[in-house]
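J.: Generate coordinates for the sequence data below:
(one chain, ligands or ions: 1)
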Amino acid sequence: LKAEALEELQGVTDAKHLDELRVKYQGKKGKLTEILRGMGGLSAEERPIIGQLANEVRDAIDAAVTAHAERFEREETERRLASETIDVTLPGRKLPRGAVHPLTRVIEEIEQIFIGMGYQIAEGPEVETDYHNFEALNLPKDHPARDMQDSFYITEELLLRTHTSPVQVRTMQRMAGEVPVKVICPGKVYRRDDDDATHSFQFHQIEGLVIGKNIRMSDLKGTLLTFIQKLFGEEAQIRMRPSFFPFTEPSAEVDVMYKKKGATEPSWLEILGCGMVHPRVLEMSGYDPEQYSGFAFGMGAERIAMLKYGIDDIRHFYNNDERFLEQFARQ
Ligand code: PHE
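T.: Alright, predicted model coming up:
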C-alpha cells in the first residue's frame, strides 16, 4: 500500500489532484483508514505489528502529501510574482495637464505689478446701473459720447457694464472722501460689437484710479512708464497723445514702442487710455476737487496679451482650442 501510494503521489500534477489522492488513502473511506478500522478484529500479537506498519505508512503518506503541497504553493507564488512584475524602467505615461489661460496670466501679472506699487484690487458687478456706468462718469443721458460704447441694455436703468470705470465710482463712494485711493479694477466688460479678429462683444479691462493731494499728470506718466517697463521690458518707451474721455481732463492715449512678435522693427502701438480725473467726477462721488486731484487709466487685457504673446486673433482667447491653450502650459 505504501509503495502504491507513494508512486501515485510521485505523479501528482496539481493541488486538486493531490487532494484527491489524500482522500483516496486517508479520507473517511480511504484505503489506509480501512486498515486502521479493521485493527479491532486482529489478534493481540498481530495488532502492535500491523499498528506500527500502519503508522509508518500514514507518516510516509503524510510526508509526501505535505512535500507536494509545499511545492505547489511555492510554484503558485512564483507564477504570481512573475506575472505581476513591475518594470520600473518603463517611462511613465504623461498626464494631461491644464495651463493658466493666457488672459488670466496677463491679468494676474498686471495685478502683481500694481500691487507692488501699493495698489489694491477692487471688483464690482457686471450688471450695472446707468448711473454708475455713465452718469457718475460725466456722461449724462443725452451725452453724445455714450455712442462711443454701444451698450447692452437690460432695462432703461440697468445694463452690462461697458467698462470697469463704474468700479472706480463705487470705490470712491465706499471711501467716502478718504484718501489716498489707489485701486486697480480688473474685470469683464461688454459692448455691442460684431466679433472679428480684433473685436469681441465681451472682453476684459483693467483700469486704475489714484486720488490724493497734489496728484499730477507727471505722476500718471511716471506710473505708466514704470508699469509698461515691468510688463514689456526695461527698454520699452511710451508716448502720450492728447485724446478725449468725458471722465478725464486732460485725457491722453498712450502708445508703447514695442517690437511685436514676428515684426522686424519696433513701432508705436496704442495700449491704453488715461487722464486726470474730471473735477465733476470727483465731486459727484464725494471728493472736493479744490482739495484733491487724481488720475485714471484703462486698458484692454486682450490687447495687451495679444501684443505680449504675439496672438493675432482675439477669438483665440474664447474658442477653447487646446492646441492654442497648451502653448501656455509651461512658460
Ligand atoms: N473707461 C475707458 C474705456 O473704457 C478707459 C479709460 C479709463 C480712459 C480711465 C481714461 C481713464 O475706454
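
J.: I'd like to check which residues are in contact with the residue of the chain at minimum distance from the ligand.
T.: Closest residue of the chain to the ligand, CB to the nearest ligand atom: Gly298 (2.8 Å). Any C-beta I mention is one placed from the backbone N, CA and C, and that applies to glycine too. By CB atoms under 8 Å, 6 or more residues apart in numbering, Gly298 lies in contact with 163-165, 205-208, 272-274.

J.: list the buried ones in the longest helix along the chain?
T.: Ranked by residue count, the top helix of the chain under DSSP state H comes out as helix 46-83. Using 16 or more other CB atoms under 10 Å as the test for burial, helix 46-83 gives 50, 54, 57-58, 60-61, 64-65, 68, 72.

J.: do the same with stretch 103-114
T.: Those buried within stretch 103-114 under the rule 16+ other CB under 10 Å are 103, 105-107, 110, 113-114.

J.: Now it - C-alpha only, PDB.
T.: C-alpha atoms of stretch 103-114 as PDB (Å, rounded to 0.1, in the frame of the first residue of the first chain):
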ATOM      1  CA  LEU A 103      -5.600  86.100 -20.400                       C
ATOM      2  CA  THR A 104      -5.700  85.200 -16.800                       C
ATOM      3  CA  ARG A 105      -1.900  85.200 -16.800                       C
ATOM      4  CA  VAL A 106      -1.700  88.700 -18.200                       C
ATOM      5  CA  ILE A 107      -4.300  90.000 -15.800                       C
ATOM      6  CA  GLU A 108      -2.500  88.400 -12.800                       C
ATOM      7  CA  GLU A 109       0.800  89.800 -14.000                       C
ATOM      8  CA  ILE A 110      -0.600  93.300 -14.300                       C
ATOM      9  CA  GLU A 111      -2.200  93.000 -10.900                       C
ATOM     10  CA  GLN A 112       1.100  91.900  -9.300                       C
ATOM     11  CA  ILE A 113       2.900  94.900 -10.800                       C
ATOM     12  CA  PHE A 114       0.400  97.300  -9.400                       C
END
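
J.: contacts for stretch 301-317?
T.: With CB under 8 Å, 6+ apart, stretch 301-317 has contacts from 101-103, 105-107, 110, 186, 195, 197-200, 203-206, 231-232, 256, 258, 260-262, 269, 271, 324, 328.

J.: got it, and stretch 45-62?
T.: Contacts for stretch 45-62 (CB under 8 Å, 6+ apart): 1-2, 5-6, 9, 22, 25-26, 32, 35-36, 39, 42.

J.: Take these and lay them out in TSV including neighbour count.
T.: Shown next, in TSV, are these (neighbours: other CB atoms under 10 Å):
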residue	neighbour count
Leu1	15
Lys2	17
Ala5	23
Leu6	14
Leu9	20
Arg22	20
Tyr25	24
Gln26	18
Leu32	18
Ile35	17
Leu36	16
Met39	12
Leu42	13
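
J.: which pair in those spans the largest distance?
T.: Leu9 and Leu42 (27.1 Å; CB to CB).

J.: Just say helix, strand or coil for Ile211.
T.: Secondary structure, DSSP: H, G, I helix; E, B strand; the rest coil: Ile211 is strand.

J.: residue boundaries of the helices in the stretch 201-331 of the chain?
T.: Here the stretch 201-331 of the chain has its helices, by DSSP state H, counting those that start in this stretch, at 217-232, 279-284, 301-309, 322-325.

J.: Quick check: closest non-adjacent residue to Val23.
T.: Nearest residue to Val23 in three dimensions, chain neighbours excluded: Gly30, at 6.3 Å (CB to CB, 6 or more residues apart in numbering).

J.: right, and the one you found touches Leu36 too?
T.: No: checked against CB atoms under 8 Å, the pair Gly30 and Leu36 is beyond contact range at 9.3 Å.

J.: just to revisit the earlier point, next helix or strand past the longest helix of the chain?
T.: helix 102-116 (DSSP states H and E).

J.: if we can go back for a sec, may I have the beta-bridge partners of the residue of the chain closest to the ligand?
T.: Glu207, Gly273 (DSSP bridges).

J.: Also Ile211?
T.: Val181, Gly294.
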